[in-house]
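Undergrad: Have a look; sequence and predicted model below, questions after that.
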Amino acid sequence: MSAPGPAIPFGRDGSSRFLPALTLLMVFLAGLALAAVMDLERALARWDQSLTGTLTVELPAATGATDKSLDAALAVLHDAPGIKSATAIDRDATAKLVEPWLGTALSPADLELPRLIDVRLDVSAHADLAALRAKLAAAAPGATLDDHQLWLDSFARFARSAEITAIAILVLIGGVAVMSVAFATRTGLAVHRDTIELLHLMGARDAYVARQFERQALRLALIGGVAGLVLAAAALLALSQAANAVSLLGDSVTLLPPLHLRGWNWAVLAVLPIVAGLVAMATARITVLATLRRLP
Amino acid sequence: MSAPGPAIPFGRDGSSRFLPALTLLMVFLAGLALAAVMDLERALARWDQSLTGTLTVELPAATGATDKSLDAALAVLHDAPGIKSATAIDRDATAKLVEPWLGTALSPADLELPRLIDVRLDVSAHADLAALRAKLAAAAPGATLDDHQLWLDSFARFARSAEITAIAILVLIGGVAVMSVAFATRTGLAVHRDTIELLHLMGARDAYVARQFERQALRLALIGGVAGLVLAAAALLALSQAANAVSLLGDSVTLLPPLHLRGWNWAVLAVLPIVAGLVAMATARITVLATLRRLP
Amino acid sequence: MVRFENVGMRYGTGPEVLRDITLRLDAGSFHFLTGPSGAGKTSLLRLIALAERPSRGLASLFGEDLSRVTRADLAPLRRKIGIVFQDFRLIPHLSAFDNVALPLRVAGVAEAKLRDNVREILEWVGLADKLDAKPPTLSGGQQQRVAIARAVVARPKLLVADEPTGNVDDAMALRLMRLFEELNKLGTTLIVATHNAALARQFNRSVLHLEDGELQAAAAAWAAS
Amino acid sequence: MVRFENVGMRYGTGPEVLRDITLRLDAGSFHFLTGPSGAGKTSLLRLIALAERPSRGLASLFGEDLSRVTRADLAPLRRKIGIVFQDFRLIPHLSAFDNVALPLRVAGVAEAKLRDNVREILEWVGLADKLDAKPPTLSGGQQQRVAIARAVVARPKLLVADEPTGNVDDAMALRLMRLFEELNKLGTTLIVATHNAALARQFNRSVLHLEDGELQAAAAAWAAS
Ligand SMILES: Nc1ncnc2c1ncn2[C@@H]1O[C@H](COP(=O)(O)OP(=O)(O)OP(=O)(O)O)[C@@H](O)[C@H]1O
Ligand SMILES: Nc1ncnc2c1ncn2[C@@H]1O[C@H](COP(=O)(O)OP(=O)(O)OP(=O)(O)O)[C@@H](O)[C@H]1O
Ligand SMILES: [Mg+2]
Ligand SMILES: [Mg+2]
């Protein structure tokens, strides 16, 4: 029992080609799905960051916003911790923002437009917005701080449901992939029922018999899984090339995700063939032991 | 040769359970993917429609927009063909639109705001926008017609790439499904190589032998495919219930598609088991004929 | 009926397992084929039954030169041949009845007509009570008898039997040989490979003896029954 | 070595195929088992080889009462038994060598030690030149000899052979029986089912005769060799 000896190979009966082929397809599909989800996650996170990283300070014209109060507000902002930059938007730029409503005929000088300050936060250091709001009110009366909370709320809802949908798809594809590999393993073993009985009657212990088939299933699923992963990686790289080519054409509004997977993303993908191998192995073990239990 | 006799059944060797099981999984997956694509198409079409259905007419304050020129513009719009409604936005509502930029302290009366008209088109009848623009300019000098072209352009790009992505996913899942069913059929037949030779040596013609196995493959794949379709339909109905429940909670910004499939959408889904059956049948035919060709 | 001249055969690219086989089986003749294990008996029978192609030599069957017959025309020839395989080749998930009915169904015989035929032949081989049994639940000898019933049910012009009595007792072997004689009287040409020298002697028919891929005692081969 | 008392056996929920079997095989004895096709020879051998469980009666093997042995303890008992299956049960994608080496590998024998052993036994059965052949490329008799080699290679305490000479000629059958006698002299208990009445007579050993699931001539069964 100690020396396991050469494994009993799955035959050339189709199962030895089928399990790798099916595993290849499933790892390929699951790989693309997983990459898409990870990329979506990143896109959402980046989007989130670029939004949460900005504030707008408004000094209404009616309160007599002067360059002095603007300077005071800027000084407060520059001193506050966690703020990367604060830039006053000049009158012309502000006028441009209002132009659709007022028409071009009205010159900015004719209007007492509010002054706006574009503030960029350092997202790594959390700024204390309440304290900042109080300080600003003291320095420049009437100044308001818009942290885009409404926009953020609906964005958060959107992101959450996008995540849920993507994860549901991933779980679905993953579940189908796992079941397919399990079914393929069971089918491959159906041909070997006689061999299992034979080993049993030779006095092989259940664990020994199971091990013979486990090893084969693991090997075949790993072969297919690695091939599927390589195909998926090739497809992802090709897609990312295509996406770059499209964005070079200036088409920045595209659903094709940018597909810049980082190192750890690839590491997560590399887990897929291992999962496939373990599923095949566990299925082989369960199937063989179930077959053996039916024998006296 | 005329009476085909009872078919030679696939054995209880796993293949008779495996082909239906795998077809079930694949039709289930492809069904959900196809439903998602059809739903996305509809959502995009509806979105497109709601955008292309609106115009904004602007009468700049600087040209001395009076109630008279407003009335003239409205008269033109009401007479024009293909226009469902045209409503003047009153001064207060216009002021509200500008408020973020000007602050509340400035009363609308203090400003010469442009007057806006919200126009809804009858999308079924195509309005002639160029003619309308000319007529408007004559009736109310300085009036401009904003048909959201810029927004539409980027929307069109977005919609196109969303469609391409969705169709790519569908093609991918479909391809994997077709290959899986084909592989499963081939594996099932590997066990029957002896039977194929036996029938051949009994003097059965190739077409007769192929027919025996084709029929079985078709039957098994149809069984699995219909089961997969039923499961997919159940899942879609459950999802649509869930989406409704969520939107009752007032959460209207959701990526979970509304999932209201129409009659012909269901008809398209019902094609999936038939496709699976045909794939299995064709694979069986090709495999059996290839096996037979190797015999003398 | 069957004429071989200097026929050779090999499996794939292996060595020749049959060499210079020259034989003639006349219509209505009855031959035994003997020889040690591995001599090539099964290979020769497979050649005669159109299950393999000769790699050289002239072979003709039912008066047709095999090198001139197209692949499609082989099917009707095969329908005139019954084969008992050494390893039975029963379809495990079909009942004994359906296994035996197979050649008739392949030949397009109507269900109503074949039923009595199949029953009768299964009764003859002593399996009247096993019509619905699947081969894996039959004993070795019972399986062999199903295989024999299947080979003879369509009343073939030529019957090729490979070790048809290896798994049955002597009494049953005699009974089966009598079935073969019965067929022979109705005009079937028979060639039966057997290790049972006693049985072959008992029937006093022409004996072809194979030894390492070559036919010995060629004289006996030419003696029609 | 083997003791059965009033043992019965059925497959699933079918009728009893063995009834009231009472027998004793002493250590080192040599028995033939005869009976018509379908009598239950294979079933009885499967019972003795621990491939089936009796549905009633007392059975003991190697002095152990089978009703008291746990499932896990059956494995070491089975490793003392060699089986020749009527349908050979060779693994089609393993070479003849690997098929024969299987029982030794299962028992954990080192590769270096088993090689000569396997070669020697394959030579004995006349297959020295077929070490690397896969079973589907072997003739019927060659496959049967591989099956015999596999059953005896581990020098079992008990050898159960089901129709081990059905596919070989008389000369080879004698040679194989001599191999069995050799093993018997070294202490192996043998029970050999056969249809070859002449062979059984030739060796003048105890004969157990089965008839429709029941042992006849019980007296002979008690006579140790
Ligand atoms: N499919 C095959 N591929 C390669 N070699 C084969 C094949 N079948 C048989 N052989 C070889 O051809 C030779 C003759 O085999 P054959 O089966 O014709 O012998 P046989 O006379 O029927 O023997 P037996 O009495 O044992 O059945 C043997 O040496 C065998 O190993
Ligand atoms: N797995 C099984 N399931 C049900 N019935 C079976 C099974 N195996 C054998 N039988 C039946 O049990 C009876 C005895 O079969 P067994 O194989 O023991 O006979 P045998 O004496 O070995 O015959 P033979 O000489 O033909 O090999 C037969 O009637 C057979 O149909
Ligand atoms: Mg042979
Ligand atoms: Mg038997």
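TA: In hand now; what should we look at? Here the structure is a predicted model, which is why all the values come from computation and not from measurement. Numbering: from 1, shown residues only, chains lettered A, B, ... in the order given. Ligands and ions are numbered 1, 2, ... in the order given.
Undergrad: check which helix or strand covers C:L190.
TA: strand C:189-193 (DSSP states H and E).
Undergrad: The helix or strand following that strand: how far from the chain's middle?
TA: Sequence order places helix C:197-203 as the next helix or strand after strand C:189-193, per DSSP H and E. How far helix C:197-203 lies from its chain's middle: 18 Å, per CA atoms, centre = their mean, to the nearest Å.
Undergrad: ok, for the residue of the stretch 151-296 of chain A found nearest ligand 3, nearest residue in space, not its chain neighbours?
TA: For the stretch 151-296 of chain A and ligand 3, the shortest gap (CB to the ion) falls at A:D194, measuring 21.6 Å. From N, CA and C alone the C-beta is placed, and that goes for glycine too. Spatial nearest neighbour of A:D194, excluding adjacent residues (CB to CB, 6 or more residues apart in numbering or on different chains): D:R89 at 6.3 Å.
Undergrad: The one you found is in contact with D:A151, isn't it?
TA: No: the pair D:R89 / D:A151 is not scored as a contact, 10.3 Å apart, by CB atoms under 8 Å.
Undergrad: So between these two, which is more surrounded?
TA: In this view D:R89 and D:A151 are compared by other CB atoms under 10 Å in any protein chain shown, and D:A151 has more residues nearby, 25 against 18.
Undergrad: Correct me if wrong: that one contacts D:I83.
TA: Yes: in this structure, D:A151 is within contact of D:I83 by CB under 8 Å, at 5.7 Å.
Undergrad: Could you tell me which residues touch both of those two?
TA: Here D:A151 and D:I83 have D:L159, D:V160, D:A161 as joint contacts, going by CB atoms under 8 Å, 6 or more residues apart in numbering or on different chains.
Undergrad: So the second one: helix, strand or coil?
TA: So the one you mean is D:V160. Here D:V160 is recorded as strand under DSSP: H, G, I helix; E, B strand; the rest coil.
Undergrad: residue ranges for the helices of the chain, please.
TA: Assuming you mean chain A. Ranges of helices within chain A are A:15-52, A:67-79, A:91-102, A:129-139, A:149-190, A:193-201, A:206-248, A:263-293, based on DSSP state H.
Undergrad: The intended chain is chain C.
TA: C:41-48, C:71-78, C:96-106, C:111-124, C:140-152, C:170-185, C:197-203, C:218-222.
Undergrad: now for those helices, which one comes closest to D:A133?
TA: Smallest distance to D:A133 across the helices of chain C (CB to CB): 14.5 Å, for helix C:41-48.
Undergrad: Can you list the buried residues in the closest one?
TA: Residues of helix C:41-48 classed as buried by neighbour count (16 or more other CB atoms under 10 Å in any protein chain shown): C:K41, C:T42, C:S43, C:L44, C:L45, C:R46, C:L47, C:I48.
Undergrad: Am I right that the first one is in contact with C:F32?
TA: Spelled out, that is C:K41. No: with contacts counted by CB under 8 Å, C:K41 stays clear of C:F32, the gap being 10.2 Å.
Undergrad: okay, and the common contacts of these two?
TA: C:A193.
Undergrad: quick one on the thing from earlier: model confidence score at the residue of the stretch 151-296 of chain A closest to ligand 3, please.
TA: Note on A:D194: pLDDT of 88.
Undergrad: Same question for the one 3 residues further on.
TA: Taken from the predicted model, the pLDDT recorded for A:E197 is 93.
Undergrad: I'd guessed it sits against A:R294; true?
TA: No: A:E197 lies out of contact with A:R294 (CB under 8 Å); the separation is 9.6 Å.
Undergrad: Tell me which of the two has more neighbours.
TA: Per other CB under 10 Å, whichever of A:E197 and A:R294 has more neighbours is A:E197, with 17 against 9.
Undergrad: From D:I91, how far out is that one?
TA: 12 Å (CB to CB, to the nearest Å).
Undergrad: one step back: relative to C:I121, which of the buried residues of helix C:41-48 is nearest.
TA: So of those, ranked by how close each gets to C:I121 (CB to CB), first place is C:L45, at 21.2 Å.
Undergrad: related to what we said a few turns ago, out of the buried residues of helix C:41-48, which is nearest to C:E123?
TA: Out of those, the member with the shortest distance to C:E123 (by CB to CB) is C:L45, at 27.0 Å.
Undergrad: residues contacting that closest one?
TA: Counted by CB under 8 Å, 6+ apart, C:L45 has contacts C:L33, C:I83, C:V160, C:D162, C:I191, C:A193.
Undergrad: Could you rerun that using 7 Å?
TA: Counting by CB atoms under 7 Å, 6 or more residues apart in numbering or on different chains, C:L45 makes contact with C:V160, C:D162, C:I191, C:A193.
Undergrad: so which of the residues you listed also contact chain A?
TA: Among the contacts of C:L45, not one lies near chain A by CB under 7 Å from any CB of the partner chain.
Undergrad: Looking at chain A, what residue ends up closest to ligand 4?
TA: Proximity of chain A to ligand 4 (CB to the ion) peaks at A:L201, 15.9 Å away.
Undergrad: Excluding chain neighbours, give the residue nearest to that residue in space.
TA: Nearest one to A:L201, counting by CB to CB, 6+ apart, is D:A51 at 5.5 Å.
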